[in-house]
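Q: Give me the fold of what follows.
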Amino acid sequence: MPHTSAHAIPAKMTRDTAGSSRPADLLMESLAGDKTGLPPPGNGSADPRSISLLLVDDEPSLLELGKLFLEKDKGIIVTPAASAVRALELLEGQRFDAVVSDYQMPEMDGLALLQKIRTRTRILPFILFTGKSRADVVIEALNSGADYYVQKGGDSTPQYTELAHKVKRAVEQRRAEAGLRQKHAVLRAILAASPLGIGYVRNRTFQWVNESLAGLLGYTREELKGRHLRELYENQEIYEQIGNRIQRDLKKTGKSRIITRFRHRKGFSVDTEIHIAPLDYGNLHFGHMIMLSDISRKISAAKEIINPAGIPHLELTPVIETDQKGRITYYNDAAIDAMIRHGSRGSLEEFFPYDFRQILARMDEADVGSIYRDIQMGPVSYRVHITLSSQFRVARLSAVPVPGV
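A: Below you'll find the predicted structure:
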């Protein structure tokens, strides 16, 4: 026979076993759970660094030769099988890290063996190692889930070196995927167990929610999946205002925090605080993770205090503090309550007077004193008392309703 070197299918024709690298796809795989029907991470050998390989060929001499060459690499342990039927029997009782199979065999050929294996698991690496070089066999093997195709023939040393390389590469990819699935399982458990409402939103539509978020709004998880956020707002105007505010925040700071009202399935309103962060800061189209908490009880508790005067530290009027750049660093329940009841933009910045930026620019002045401004929030007028602290770099706003205005 003339000398021929070992050949592997070109990279563009090998099956991509690494999975999608898109953040949204990886997240959805994680949130949806592992539906591959695959065995848990691990391998079939005692040493986690070694590879337990099932070698299938109907020619005993080739089985012996393959075992001899492949086990020269101390990381590979070969179990021979003289037929595809025997290989399936071994797979029933043992764990293997990869399968290398000849194509042309009696009873069942290598493609049929591959298809049988793929009905059981998609994770076990499979390499077709045969003298047949027909393109239709190669294409069918890859389409059926083979990881690589390596052609027999010629000098044994280079062809088995190439085969060992492909085995190692396929197993390393699968082990990396198994590790990723394990991390995803931990992530799923954390998100599912969280008492806070957590969801994944894309195109302003829920793609996934945990039980806490669904329960907070009176839905099941399946009922919220695919539901557009517009359906949860009281009207289109508020929906658009909140949406525009979130977009501005995301473009400016990469995250957003808002307080708004969502409509419960039974019709009443739920006061909520929502934190939003993009899945991929470089591409907002991949969607966002949201963390939602119900602050209705917090507001109600403040309203139900019988004798608030008996609690001297309690702030009865809206109070907000910001840094010199106008970023809110503190707010009290009264501010939240006023914003929810009377505000229109879903933002505590509605308490900021029109010239607040100019006022903040005076923070370094020694004797600014007190600054007063009047603002209108819905039907209520407020007199806002602003004090600046150059020492602590803080602006404090206290808003008092102006009666009769």
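Q: Pull the contacting residues for the nearest residue in space to Met105 that is not next to it in sequence.
A: Using C-beta to C-beta, 6 or more residues apart in numbering and skipping the chain neighbours, the partner closest in space to Met105 is Asp58 (4.3 Å). Every C-beta, even on glycine, is put in place using the N, C-alpha and C of the backbone. The contact partners of Asp58, taken as C-beta atoms under 8 Å, 6 or more residues apart in numbering, are 82-83, 102, 105-106.
Q: Now the buried members of those residues.
A: Neighbour counting with 16 or more other C-beta atoms under 10 Å marks 83, 102, 105 as buried within the contacts of Asp58.
Q: In CSV: these, plus distance to Ile359, secondary structure and pLDDT.
A: Shown next, in CSV, are these (distance: C-beta to C-beta, whole Å; DSSP: H, G, I helix; E, B strand; the rest coil; pLDDT from 0 to 100):
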residue, distance to Ile359, secondary structure, pLDDT
Ser83, 85, coil, 95
Asp102, 81, coil, 92
Met105, 84, coil, 92
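Q: so how many other residues sit close to the residue nearest to Gly145 when sequence neighbours are not counted?
A: Leaving aside its chain neighbours, Gly145 sits nearest to Arg118 (4.4 Å; criterion: C-beta to C-beta, 6+ apart). By other C-beta atoms under 10 Å, the residues close to Arg118 number 15.
Q: try Thr161
A: Neighbours of Thr161 (other C-beta under 10 Å): 16.
Q: mind checking how far it is from Ile76?
A: Distance, Thr161 to Ile76, using C-beta to C-beta, to the nearest Å: 12 Å.
Q: List the contacts of Asp57.
A: Here Asp57 is in contact with 63, 66, 80, 82, 101-102, 105 (C-beta under 8 Å, 6+ apart).
Q: Double-check Ala214 against Glu223; I have them as touching.
A: Yes. With contact defined as C-beta atoms under 8 Å, Ala214 and Glu223 form a contacting pair (7.3 Å).
Q: give me phi/psi at the residue nearest to Ala214 when sequence neighbours are not counted?
A: Leaving aside its sequence neighbours, Ala214 sits nearest to Arg221 (C-beta to C-beta, 6+ apart; 4.7 Å). Main-chain torsions, Arg221, degrees, to the nearest 10: phi -60, psi -40.
Q: Now for Glu172, which secondary structure element holds it?
A: helix 156-193 (DSSP states H and E).
Q: before we move on, what about Glu223?
A: Counting by DSSP H and E, Glu223 is found in helix 221-224.
Q: And Arg257, by the same measure?
A: Counting by DSSP H and E, Arg257 is part of strand 256-263.
Q: right, and the helix or strand after that strand?
A: strand 269-278.
Q: Tell me the buried residues in that next one?
A: With burial defined by 16+ other C-beta under 10 Å, the residues of strand 269-278 counted as buried are 270-274, 276, 278.
Q: In the sheet, which strands lie alongside it, parallel or antiparallel?
A: Using DSSP bridges, strand 269-278 pairs in its sheet with strand 256-263 (antiparallel), strand 288-294 (antiparallel).
Q: Could you check how far the nearest residue to Ala82 once chain neighbours are set aside is from Leu88?
A: Nearest residue to Ala82 in three dimensions, chain neighbours excluded: Asp58, at 6.0 Å (C-beta to C-beta, 6+ apart). From Asp58 across to Leu88, the span is 14 Å (C-beta to C-beta).
Q: Same check on Ile76?
A: Counting by C-beta to C-beta, the gap from Ile76 to Leu88 is 21 Å.
Q: Can you pick out the residue with more neighbours from these two?
A: Set side by side, Ile76 and Leu88 show more neighbours around Ile76, with 23 against 16, by other C-beta under 10 Å.
Q: Quick check: bridge partners of that one?
A: Where Ile76 sits in a bridge, its partners, by DSSP bridges, are Ile51.
Q: Over to Gly199?
A: Bridge pairing for Gly199 (DSSP bridges) gives the partners Val209, Ile290.
Q: What distance do you get for it to Ile190?
A: Taken as C-beta to C-beta, the span from Gly199 to Ile190 is 14 Å.
Q: and these two? which has more neighbours close in?
A: Gly199 (24 against 11).
Q: my read: that one touches Gly287, true?
A: No. Using C-beta under 8 Å, Gly199 is not in contact with Gly287, being 10.0 Å away.
Q: any residues in contact with both of those two?
A: Listed as contacting both Gly199 and Gly287 by C-beta under 8 Å, 6+ apart are Gln207.
Q: Contacts made by stretch 320-330 with the rest, please.
A: Taking C-beta under 8 Å, 6+ apart as the rule, stretch 320-330 contacts 319, 331-332, 335, 348-349, 351-352, 356-357, 360, 363, 393-397, 399.
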